[in-house]
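>>> mind folding the following:
(chains A and B)
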Amino acid sequence: MEKGEIKAIIEALLCLSSEPISLEQMANVIDEVGKKSIKEALDELINDYNGDSRGVRVVEIAGGVQLATRPQYNRWIKKHFVLSSKTKLTLPALETLAIIAYQQPITNPEISAIRGVDSTGVLKTLLEKRLIRIKGRKKVVGRPLIYVTSREFLIHFGLKNLSELPTLEEFEQIITAEEKKP
Amino acid sequence: MEQGVGTEFRVRLPAFEGPLDLLLHIIYTQQIDIHDIPIASITQQYLDYLNLMKELNLDIASEFLLMAATLIYLKSKILLPQPLPEEDKEEYDQLQTELTTQLLEHQRFQQVARLLREKEEESSAVWSRSELALPTPPRREEILLQATVFDLVAAFHKVWQSKREEKPLYLVPDRYIIEEKMGEIMEGLHQKGKLEFLQLARELGSWEELIVTFLALLELGRQQLILLCQTTRFKEILILPHIKEGANGDGKGGD
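Predicted coordinates for the structure are as follows:
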C-alpha cells in the first residue's frame, strides 16, 4: 500500500472519530501494513495539517491523535455551534491536580499534608469531573483511597501523556531562574 | 520599623487556601529568601494577618492556628538566652527545615498549577468532534445493552431467592462497609477487566454482605465509576469499568 493511501485512510478515520485514536488502533484497522509505515504516514499527515493555512490540525492527545480546530477560529465556531464553555478549574483544584499528577498514586492525607489544608472537598469535585479516579486502597491503617489522574485529565489540559509535563527538577530551575531576576 | 499589613485597603485581602498559602504570600510581598526565613518578623506578620481575618469575620480554619502555634514556638526558642542547649537547637533546626521544605514543595506545586492553568486556557479554545457528538459506545466482543437499575434489582432478587432456599438463617457478627466493598469491586475490576454479577453475588457469605455489595454497586454506578451491561435483556449483568477509564496507560488496554 502506498503511503499516500495510508495517509488518506488515517485522515478518514480521524475525520469521523470523536475520540483520540491510538497508533495501535490504526494498526488494527490498516492491518495490511506494519506499524512503522503507519507511523511514518501519520507523521507526514500531521506535518501536512500543521501548515498554517488550515482551520484544523492533527493534535496528539491522551496517547492518540485527533482532529481539532485551531484556537484562533474559536470565535466563528462558537457563532455556529452551541457549545457549552469548558470548565475552568479553581486554583485549589489545579493545585490538587498538580500534586496528584506528579505524586500518583497518592492518598487524601498525603495530598492534604502537602497542601497544608484538608482536601476532601476538592477531591470530590475532581472525581465528579472525572479528572481523577480511584485506583484502590492503600494497605495502611484506615485503608485510605488511592487517587490517580485519568485520561480525562490529559484531554482537559490537551496533554499527550504525563511525561509531557516538565519534571519537578525542571520546575525547580524555573523557580530559581525567576528568583535571580532583579 | 515594619508597617502593619493592609491597614488601608483591608477589603482586598486575598483568600488564602491554607497557612502555607498565607506564608508564601508574606514571603513574596516581603521578598524574603525562602531558604532563610526570619522567624521573628514572619511570625508577627502571620499573626497580623490572622487578626485581620478575625476582624473581617472570616472563618479561620484550625490549620491556620496550628501554623501560628508552630511559628510562635519557633520564635520563643530564639528569644531564649543564646546559645541554646544542644537538644533545643536540634529541635529548632529540625522544625525550621521542615517548614522550609514544606514551603518549597508548596511553592513548586503552585507553579505546576499555574502551568496547568495555561494549558487549560490554551485547550479551552480548541474544539474536536468529541465536544459535539454523543460518546460512542465501547467496542467489545459482545454488543452490550446498558442495564437499568431494575435489571440489577431483578438479578439481586434472584440471588436472594436462591440464598434463601439453600441456607438456613443464622446470625453472623460480620460487619461490611459499603465503601470498602466499593474498593474491593474496583480492585477486582482492575485485575480482571470485568465481573459477572451473579458470580460475584454467589461467592458472598451472607445476606448482609449481599446487601452491602448491592448498595456498593448502585453507588459505583451513580458515581459513574462502573458500567452495568447485559449482552441481551434479562441475561447476565456484567460489571465493567466506565468507558473513559480504559486506555489510561496502566497497560490494561482491554479493547
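>>> so, low pLDDT: which residues of chain A?
A:175-176, A:178-182 (pLDDT under 70).
>>> enumerate every residue touching the residue nearest the centre of it.
Geometric centre of chain A, nearest residue: A:L154, 2.0 Å, by Cα atoms, centre = their mean. A:L154 makes contact with A:61-63, A:160-162, according to Cβ atoms under 8 Å, 6 or more residues apart in numbering or on different chains. Every C-beta, even on glycine, is put in place using the N, C-alpha and C of the backbone.
>>> please apply the same query to A:T69.
A:55-56, A:77, B:126-128.
>>> over to A:Y73?
A:Y73 sits in contact with A:G55, where contact means Cβ under 8 Å, 6+ apart.
>>> sorry, back to before: the contacts of A:L154: which ones sit near chain B?
A:62-63, A:161-162 (Cβ under 8 Å from any Cβ of the partner chain).
>>> coming back round to it: emit the PyMOL select command for whichever of the contacts of A:L154 are buried.
Selection of the buried residues among these in PyMOL, burial being defined by 16 or more other Cβ atoms under 10 Å in any protein chain shown:
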select buried, chain A and resi 61+62+63
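>>> A:A113: which of the contacts of A:L154 is nearest?
A:L162 (22.0 Å; Cβ to Cβ).
>>> was I right about the closest one contacting A:I100?
No: at 10.6 Å, A:L162 and A:I100 do not qualify as touching, with contact defined as Cβ atoms under 8 Å.
>>> shared neighbours of those two, anything?
With Cβ under 8 Å, 6+ apart, A:L162 and A:I100 have common neighbours A:T149.
>>> and B:K89, how close does it get to chain A?
B:K89 sits 26 Å away from chain A when distances are taken as Cβ to the nearest Cβ, to the nearest Å.
>>> nearest residue to that residue in space, please, no chain neighbours.
B:P83 (7.2 Å; Cβ to Cβ, 6 or more residues apart in numbering or on different chains).
>>> count of residues packed around the one you found?
8 (other Cβ atoms under 10 Å in any protein chain shown).
>>> and it, backbone torsions?
phi -70, psi 150 (degrees, to the nearest 10).
>>> do you know the pLDDT at it?
At B:P83, the model reports a pLDDT of 75.
>>> can I assume it is in contact with B:Y92?
No: counting by Cβ under 8 Å, B:P83 stays clear of B:Y92, with 11.2 Å between them.
>>> which of the residues in stretch A:22-36 are buried?
Using 16+ other Cβ under 10 Å as the test for burial, stretch A:22-36 gives A:22, A:25-27, A:30, A:33.
>>> would you format the contacts of A:L154 as JSON lines with secondary structure and distance to A:P109 included?
JSON lines is the format used below for those (DSSP: H, G, I helix; E, B strand; the rest coil; distance: Cβ to Cβ, whole Å):
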{"residue": "A:I61", "secondary structure": "strand", "distance to A:P109": "32"}
{"residue": "A:A62", "secondary structure": "coil", "distance to A:P109": "29"}
{"residue": "A:G63", "secondary structure": "coil", "distance to A:P109": "30"}
{"residue": "A:K160", "secondary structure": "coil", "distance to A:P109": "31"}
{"residue": "A:N161", "secondary structure": "coil", "distance to A:P109": "28"}
{"residue": "A:L162", "secondary structure": "helix", "distance to A:P109": "23"}
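>>> show me which pair in the contacts of A:L154 is furthest apart.
Largest pairwise distance in the contacts of A:L154, by Cβ to Cβ, is 12.5 Å, between A:I61 and A:L162.
>>> list the contacts of A:I10.
A:I10 neighbours (Cβ under 8 Å, 6+ apart): A:26, A:30, A:38, A:41-42, A:45.
>>> which of those residues fall in helices?
Those of those mapping onto helices are A:26, A:38, A:41-42, A:45, per DSSP state H.
>>> closest one of those residues to chain B?
The nearest member of the ones in helices among the contacts of A:I10 to chain B, counting by Cβ to the nearest Cβ, is A:M26 at 13.2 Å.
>>> my read is that that closest one contacts A:E40, right?
No: using Cβ under 8 Å, A:M26 makes no contact with A:E40, being 11.9 Å away.
>>> give me the number of neighbouring residues for A:P20.
Using other Cβ under 10 Å: A:P20 sits among 24 other residues.
>>> make that B:E121, sorry
B:E121: 13 neighbours (other Cβ under 10 Å).
>>> what are the buried residues along the one helix or strand it maps to?
Secondary structure assignment for B:E121, by DSSP states H and E: helix B:86-123. By 16+ other Cβ under 10 Å, the buried positions in helix B:86-123 come out as B:92, B:95-96, B:99, B:102-103, B:105-113, B:115-117, B:119-120, B:123.
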